[in-house]
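Peer 1: I'll drop the sequence and a predicted model, then ask my questions.
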Amino acid sequence: MTGPRSGAVPVLLVCLAGCGGGGDDDPEPRATATPGSRAERPEPSPAEQIRTVLDTRGAALEDGKAKAYAATGAGAQRRADRVHGRRARRLRLRKVSLMAQNIEVRGRRATARVTTLYSLAGVRGQFRVNRRVRFRRRGSWRVTSVQARRGAPPWEVGGFVTRRSRHFVVVAPAGLAIGDLTVALESGYATMRDMLPRRRLQRRYLVLVAADPSQAKTLTTGIRGIESLAAIADSTVIQTEPAWAVERVVGVRLVVVWSLYSSLPAEQRGITITHELTHAVLAGSTSGRTPSWLREGIALYVSGDRRPAPASVDLATLSRPAAIARLAGVSQADAYSASSAAAYAIAERFGRPKLLRLYEVFNKPSLRGRPGPRLTNRAVRRVLGIRLGDVLG
């Protein structure tokens, strides 16, 4: 929340031994089975054949060969693959890999859980899609359906094109005018360099623009309440115990929901982009134990979104990692306000470096404990020398 790539089609080289000739008296050559020849090798199992089909499918996507991609499908899936293959060619995919797990074969039909990994040219990291795939064998195995309600790759959702700026690759629906989005993105990137000077920003980030909330939901997985969000930082990381520190960022992207984002006032659009960029930049520093109020508070602080603390919110109740995500309406708005007030209070009283140090301390194994109020209080006492209850005064 990844795996090696097997991108190219395996090539089997067979060396055939030949007999030297003498003249007309030489006997007719006879077919012989030499050790390791095709005649002696057993036929690959159905699972091996299915994996070969997926390797071929992945290589065709990466190479932009729509016909070869469609040739791995059958029936309606083949017709869909023709369209998807042409769309994928526009996106300049890299490092495409289709890996099958839990292959179940029943006669001439099979199902498997297939993980698709892919990258885009110019952007570091890989992005993953998990689906249930069905196969049928008629002479050879072919894909008959790909099942997924959410998390589809862009080329299966619609016709997307790429636009590039200095620090971003923007993938947006063809024909959608994205206005000054790249200007807002570059402004947010500059803010990151000023406000988070110790963080090494990626050279480029991926931004995926969805036309509306429905399309955004199809493109993403595991993001609740996306119907009301103008932008989201979507990252895949590998974390390790005991501190649940990030060992590796597999892929990070911004998802912008255009119908909501474009309706915001210009100033709010800039704040929204900078807020989500902060989450993206800090993905590698965000422990699985980091309290919700601190995750959101630092993004609100960096984006300049200062809000007064509501009297009814206690930071202890927002100290579990998913606490704010579980709220809605007024309760969620109050939680964001408390988070903003806490981050500003820490930065103004102790300095911005201490705010960043508090964010990082949750990655340290020497800070023992499970996510929650007790661990957060321990971290605040270690870094700031005060109790959690004293952060807001």
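Peer 2: Yep, it's here.

Peer 1: What number of residues are in the vicinity of Asp63?
Peer 2: 15 (other Cβ atoms under 10 Å). C-beta here means a position set from N, CA and C on the backbone, and glycine is covered the same way.

Peer 1: I'd like to know how far it sits from Val183.
Peer 2: Between Asp63 and Val183 the distance is 34 Å, computed by Cβ to Cβ, to the nearest Å.

Peer 1: mind listing the helices in this protein by residue range?
Peer 2: Taking DSSP state H, the helices of the chain run over residues 46-63, 66-70, 76-90, 154-157, 181-195, 213-219, 258-261, 266-281, 292-302, 329-350, 352-361, 373-384.

Peer 1: right, so of those, which gets closest to Arg136?
Peer 2: When those are compared by Cβ to Cβ, helix 76-90 sits nearest Arg136, at 9.6 Å.

Peer 1: you'd agree Leu229 is up against Val257?
Peer 2: Yes - between Leu229 and Val257 a contact is recorded at 6.2 Å, counting by Cβ atoms under 8 Å.

Peer 1: Now do the same contact list for Ala230.
Peer 2: Listed by Cβ atoms under 8 Å, 6 or more residues apart in numbering, the contact partners of Ala230 are Val256, Val257, Leu260, Tyr261, Leu264, Arg269, Thr272.

Peer 1: what's the pLDDT at it?
Peer 2: pLDDT recorded at Ala230 is 95.

Peer 1: distance of it from Tyr261?
Peer 2: For Ala230 relative to Tyr261 (Cβ to Cβ), the value is 4 Å.

Peer 1: Tell me where the model's unsure across this structure.
Peer 2: For the chain, the stretches flagged by pLDDT under 70 are 1-41.

Peer 1: coming back round to it: most packed of the helices of the chain?
Peer 2: Neighbour counts (mean count of other Cβ atoms under 10 Å) averaged over each of these peak at helix 292-302, with a mean of 26.

Peer 1: who does it touch, helix- and strand-wise?
Peer 2: helix 181-195, helix 266-281, helix 329-350, helix 352-361 (3 or more Cβ pairs under 8 Å, 6 or more residues apart in numbering; DSSP states H and E).

Peer 1: mind listing what the closest residue to Gln332 other than its chain neighbours touches?
Peer 2: Sequence neighbours aside, Ile324 is the residue nearest to Gln332 in space, at 6.3 Å (criterion: Cβ to Cβ, 6 or more residues apart in numbering). Neighbouring residues of Ile324 by Cβ under 8 Å, 6+ apart: Ser292, Trp293, Glu296, Leu318, Gln332, Ala335, Tyr336, Ser339.

Peer 1: ok, now Ala88?
Peer 2: Ala88 touches Leu61, Gly64, Ala66, Tyr69, Pro153, Trp155, counting by Cβ under 8 Å, 6+ apart.

Peer 1: Export the contacts of Ala230 to CSV and append columns for distance to Ala283.
Peer 2: Conversion of those to CSV gives the following (distance: Cβ to Cβ, whole Å):
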residue, distance to Ala283
Val256, 17
Val257, 20
Leu260, 23
Tyr261, 21
Leu264, 24
Arg269, 22
Thr272, 18
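
Peer 1: ok, those vs Asn102, which is closest?
Peer 2: Val257 (33.4 Å).

Peer 1: quick one: contacts for the closest residue to that closest one other than its chain neighbours?
Peer 2: In space, and not counting its chain neighbours, Val257 is closest to Ala216: 4.7 Å by Cβ to Cβ, 6+ apart. Going by Cβ under 8 Å, 6+ apart, Ala216 touches Ala210, Ile226, Leu229, Ile232, Val255, Val257.

Peer 1: Now do the end-to-end distance for stretch 237-255.
Peer 2: 17 Å (Cα to Cα, to the nearest Å).

Peer 1: for it, which positions count as buried?
Peer 2: 237, 239, 243-246, 249-255 (16 or more other Cβ atoms under 10 Å).

Peer 1: which of the residues in stretch 305-321 are buried?
Peer 2: Counting neighbours by 16+ other Cβ under 10 Å, stretch 305-321 gives Asp305, Arg307, Ala309, Pro310, Val313, Leu315, Ala316, Leu318, Ser319, Arg320, Pro321 as buried.

Peer 1: In this structure Leu117 contacts Arg94, no?
Peer 2: No - contact criterion Cβ under 8 Å: Leu117 and Arg94 do not qualify, at 10.5 Å.

Peer 1: still on that earlier bit, more neighbours: Leu229 and Val257, which one.
Peer 2: Val257 (24 against 18).

Peer 1: thought the more buried one was touching Ser228?
Peer 2: No - using Cβ under 8 Å, Val257 makes no contact with Ser228, being 9.2 Å away.

Peer 1: got any residues that touch both of these two?
Peer 2: Pro213.

Peer 1: picking up where we left off before, give me the common contacts of Ala230 and Tyr261.
Peer 2: Arg269, Thr272.

Peer 1: Pick out the most distant pair among the contacts of Ala230.
Peer 2: Val257 and Arg269 (12.0 Å).

Peer 1: what residue lies at the spatial centre of the protein?
Peer 2: Centrality entry for the chain: nearest residue to the mean C-alpha point is Phe127, 4.1 Å, by Cα atoms, centre = their mean.
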